[in-house]
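In: Compute the structure for the input listed below.
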Amino acid sequence: MSGFSLLFAFRRSYIDGLQSTAYQNFFNQIFQNGKIALQEKAVNDSKFVTWNPAISFGDANLKLRWKGRKTRENALSLYSTGDRLDYRFAYDDSTFFTETEDIIAASNFGMSWQHSADWSPVFKIKYSAALSAYENDYTFIWNEEDRQRPFIYRYTTNNSMTEFNLNLHHDWQASDQHRMSFGYQFKAQEAALVFRDTNAVQLEGNLWTNDTVRTGLHTFYAEFTSQATKKLDFTLGVRGDQFPARGLYYSEPRASFNWFPFGKKVDGESGNLRIKGGLGRYWQFVFQIIDFGDLGVGEPLWALSDDFIPAQELWQTTFGLSVENKTTLLDLEFYHKKSRNLTSRNLRLENSFDRGWNFDGESTATGFDFLLRKRWQGFSTWLAYSLGEVKMLFPELNGGHPFPARHDIRHRVNWVNTLSWKKWEFAANLNLRSGTPYSIPSVMQVPCDDCTADSLTYALRFDQLNTARLPGSIRLDLSATWKWKKRRNHGKAGLAIYNFLNRRNLLDKDYLLETPALDQPQTSYNLKELYRLSAGLRRAFS
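Out: Numbers count the residues shown, from 1 in each chain. Predicted coordinates:
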């Protein structure tokens, strides 16, 4: 039997054309305290404030599906999106003037083809090809005191990536106890990354560019799964990644097992105990650059492995157990992850673009995850707890000593509850977590070639990284949904309350050093602490 279906969807925001008080309040709840957090001081005297936030976004989706003979299925997909944020803040009381602006323009485009078929009762295939393009441009502008000057400091990043992906996957059920999966993948990628840093007062400018990188990656993989006994099954696999143009080869062996000491139980019986574990090696050729600075609300930066930036290697080990029956699940898992060849961008820590990169970083993550799920008639509860530690080591940073990663959150607790009653559905989610680490700088004197009244000025110095931690956070989210269904129509309406307790959780802390103009004596400085807070109480209707 054959047939086809077509789906098209389009969305476009309209809030960029509105500047109402309600919209500004909503925007402020999302983006509290941007790159230069002077809003807190100015908001008490709003008649001197010019505040122009604007967000625009839109996306389009097109999907065509059709079925061929027997079990053959095909699909074509097209996706496009564009987002822009322009966040301008200015304070001017005729004696003091300051202005900041954050501009983000990001876009994504993707198209793909998928094909699946059962060539026989024991042999199945899944083929796909996809093309995607990503671009992100971020600009930060800061001006102070000089109303005639367009800016004092400007910082921009331009990041783009394009990829073509071909995937040929095969599944062979050799017997009731043995299954083999194998296939081939090809990736052609292109990426570019540019930084610009301009100081109009000091008449200094820096430019760093990672020339357009093009790579072609061939991957062959195979995976064998066996039900060795009634109590034990295991999986063995290997991937081989090859860059012909660079003469490089990477291997990725992997293994995992599941052991049921008392045998597999029928669903509904108690005591279905499973002991599980895994060991594997992973190579990452597209990765996010670790940023020790602060891009404000900018998007993450992505790069490709090349002759300049090495591929990242990860060894991962897991071991755990679970007990499950029809209404209860208890899952425990320990993990250990070791990464190397991490790439960092630390322009904040170095005064020169020549030493703004490190490529030989290491990371060690060790932790424990706990999950308990319990279901009753119409009610379910999930309790999850994570204990973890993430340490990083860069020989040229922090005196060569390990330091906590920025995402090193030692404790996380999530408690989710859902209740179904007649046409109503209620949910409550309690989220608790310990604070993230941050660095406390010291102020030092450095040579100043452009100073006309002094030979020295002041600069921030980060001798030790992430030695302090922010306070922990607590957030409670609530929601209620009402559903109705009649003969010819059905629908639902809902209300969600984000951060019901209205707690002002601290997300980040940064520092800004203000020094006199270059034609003035460098005899004093002002060190400001900048805070970024999470959104407060927020309601949403649907």
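
In: In terms of helices and strands, where is Arg214?
Out: strand 204-226 (DSSP states H and E).

In: what's the average pLDDT for that strand?
Out: For strand 204-226, mean pLDDT is 81.

In: ok, then the element right after that strand?
Out: Per DSSP H and E, the first helix or strand lying C-terminal to strand 204-226 is strand 232-243.

In: can you pull the buried residues of the following helix or strand past that following strand?
Out: Moving toward the C-terminus from strand 232-243, the next helix or strand (DSSP H and E) is strand 248-259. The neighbour-count check on strand 248-259 (16 or more other CB atoms under 10 Å) flags Tyr250, Glu252, Arg254, Ser256, Asn258, Trp259 as buried. Heads up, the C-betas are built off the backbone N, CA and C, glycines and all.

In: which among these gets closest to Ser420?
Out: Asn258 (32.4 Å; CB to CB).

In: And the closest one, how far from Thr225?
Out: 10 Å (CB to CB, to the nearest Å).

In: okay, and the common contacts of these two?
Out: In terms of CB atoms under 8 Å, 6 or more residues apart in numbering, Asn258 and Thr225 are both contacted by the residues Asp233, Phe234.

In: which helices and strands does the helix or strand harbouring Leu527 pack with?
Out: In this assignment (DSSP H and E), Leu527 forms part of strand 526-533. Contacting strand 526-533 under the criterion 3 or more CB pairs under 8 Å, 6 or more residues apart in numbering; DSSP states H and E are the following elements: strand 506-514.

In: Restricting to C-alpha, output the strand it packs on in PDB.
Out: Provided in PDB are the C-alpha atoms of strand 506-514 (Å, rounded to 0.1, in the frame of the first residue of the first chain):
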ATOM      1  CA  LEU A 506      22.300  34.100  41.000                       C
ATOM      2  CA  LEU A 507      23.500  32.600  37.700                       C
ATOM      3  CA  ASP A 508      26.800  34.300  37.200                       C
ATOM      4  CA  LYS A 509      29.200  36.800  38.700                       C
ATOM      5  CA  ASP A 510      31.700  38.900  36.900                       C
ATOM      6  CA  TYR A 511      34.000  41.800  37.400                       C
ATOM      7  CA  LEU A 512      34.600  45.100  35.600                       C
ATOM      8  CA  LEU A 513      37.700  47.200  36.200                       C
ATOM      9  CA  GLU A 514      37.300  51.000  35.500                       C
END
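
In: So what are the sheet partners of it and their directions?
Out: strand 526-533 (antiparallel) (DSSP bridges).

In: mean confidence score for the partner strand?
Out: Averaging pLDDT along strand 526-533 gives 76.

In: what distance separates it from the middle of the whole chain?
Out: 24 Å (CA atoms, centre = their mean, to the nearest Å).

In: ok, now stretch 432-440?
Out: The chain centroid and the centroid of stretch 432-440 are separated by 17 Å, computed with CA atoms, centre = their mean.

In: and that stretch, which residues are buried?
Out: By neighbour count with 16+ other CB under 10 Å, stretch 432-440 contains the buried residues Arg433, Ser434, Gly435, Thr436, Pro437, Tyr438, Ser439.

In: Return the subset of these lying in strands.
Out: Counting by DSSP state E, the buried residues of stretch 432-440 place Arg433, Pro437, Tyr438 in strands.

In: circling back to that earlier point, check the buried residues of strand 248-259 against Phe426 and report the nearest one.
Out: Of all the buried residues of strand 248-259, Asn258 has the smallest distance to Phe426: 35.8 Å, by CB to CB.

In: picking that back up, tell me the one among the buried residues of stretch 432-440 nearest to Trp66.
Out: Arg433 (46.7 Å).

In: Next, the contact list for that closest one, please.
Out: Applying CB under 8 Å, 6+ apart, the residues near Arg433 are Ile409, His411, Arg412, Val413, Gly472, Ser473.

In: Grab the nearest non-local neighbour of the first one.
Out: In other words, Ile409. Nearest residue to Ile409 in three dimensions, chain neighbours excluded: Arg433, at 5.4 Å (CB to CB, 6 or more residues apart in numbering).

In: just the third one next, same as before
Out: Closest residue to Arg412 apart from its sequence neighbours, by CB to CB, 6+ apart: Ser386 at 4.3 Å.

In: For Ser181, which non-adjacent residue is closest in space?
Out: Nearest non-adjacent residue to Ser181 (CB to CB, 6+ apart): Glu223, at 4.5 Å.

In: close enough to count as contact, Thr235 and Gln227?
Out: No. Counting by CB atoms under 8 Å, Thr235 sits too far from Gln227 to count as a contact (10.6 Å).

In: if we can go back for a sec, Leu387 versus the residue nearest to Ile409, what's the distance?
Out: With distances taken as CB to CB, Arg433 is found 11 Å from Leu387.

In: cool, and Leu530?
Out: Applying CB to CB, the value for Leu530 to Leu387 is 30 Å.

In: ok, of the contacts of Arg433, which one's closest to Ala459?
Out: Minimum distance to Ala459 across the contacts of Arg433 is 30.5 Å, recorded for Ile409 (CB to CB).

In: dump the residue contacts of the closest one.
Out: Per CB under 8 Å, 6+ apart, neighbours of Ile409: Gly388, Arg433, Ser434, Gly435, Thr436.

In: check contacts around the nearest residue to the fourth one once chain neighbours are set aside.
Out: Meaning Gly435. Take Gly435 and drop its neighbours on the chain: the residue closest to it by CB to CB, 6+ apart is Leu470, 3.7 Å away. By CB under 8 Å, 6+ apart, the contact set of Leu470 is Gly435, Thr436, Pro437, Tyr438, Leu506, Leu507, Asp508, Lys509.

In: distance of Leu470 from Leu387?
Out: Going from Leu470 to Leu387 by CB to CB gives 18 Å.

In: before we move on, what about Ala517?
Out: For Ala517, the distance to Leu387 - CB to CB - is 50 Å.

In: ok, now Ser251?
Out: For Ser251, the distance to Leu387 (CB to CB) stands at 32 Å.

In: intersection of neighbour lists for Arg433 and Leu387?
Out: Common contact partners of Arg433 and Leu387 (CB under 8 Å, 6+ apart): His411.

In: rewinding a little: okay but the residue nearest to Ser181 is in contact with Gly183, surely?
Out: No. The pair Glu223 and Gly183 fails to qualify as a contact (CB under 8 Å) at a distance of 9.3 Å.

In: pLDDT value on the spatially closest residue to Ser13 that is not a sequence neighbour, please?
Out: Counting by CB to CB, 6+ apart, Ser13 lies nearest to Phe57, which is 4.8 Å off, once chain neighbours are set aside. For Phe57, the pLDDT comes out at 82.
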